[in-house]
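*Asks:* Have a look at this fold, sequence not included:
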């Protein structure tokens with residue numbers, strides 16, 4: 001995280017936490033604040049969904065103001081060391097993934113992490129198949 005503040009470029013960081021895989025970029029504190037502000041502004045804009053193009057500019061201005069105000073209020077809590085991943089994908093152990101401009105992970109929640117190249121491995125599939133037939137027997 002300290003190296004990111006120097007402007008060094010990194011490949012995406014992969015983090016395992018709470019049974020999910022997080023893939024994102026470590027950015028500067030300014031980039032994290034901008035990502036949070038943009039994410040919240042987009043949320044507020046989508047809530048109103050202006051019908052007319054003429055209303056979009058006004059709604060966008062209001063949404064940006066609300067997003068900026070909430071981002072400033074939330075800020076970063078320095079009491080808990082936190083990793084912020086930008087343009088992050090979150091892949092739970094089952095189901096679809098989600099994508100967000102910024103995801104915050106407490107450092108003590110991280111199980112493992114890696115950076116750089118890796119290869120996908122496919123597990124061996126040793127399945128079996130069973131079929132049965134029920135045949136009625138006439139009798140007593």
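*Replies:* Looks like it arrived, so ask away. Everything numeric here is computed off the predicted structure, so don't read it as measured data.
*Asks:* Tell me the spacing between residue 94 and residue 39.
*Replies:* Distance, residue 94 to residue 39, by CB to CB, to the nearest Å: 25 Å. Backbone N, C-alpha and C define where each C-beta goes, glycine included.
*Asks:* For those two, indicate the residue with more neighbours.
*Replies:* residue 39 (15 against 6; other CB atoms under 10 Å).
*Asks:* how about the more buried one, secondary structure?
*Replies:* helix (DSSP: H, G, I helix; E, B strand; the rest coil).
*Asks:* which residue packs closest to it, ignoring adjacent ones?
*Replies:* Closest residue to residue 39 apart from its sequence neighbours, by CB to CB, 6 or more residues apart in numbering: residue 101 at 4.3 Å.
*Asks:* And the one you found, how close does it get to residue 31?
*Replies:* Look at residue 101 and residue 31: by CB to CB, they are 10 Å apart.
*Asks:* in the longest strand along the chain, what's buried?
*Replies:* In the chain, with assignment by DSSP state E, the single longest strand is strand 82-92. By neighbour count with 16 or more other CB atoms under 10 Å, strand 82-92 contains the buried residues 82, 83, 84, 85, 86, 87, 88, 89, 90.
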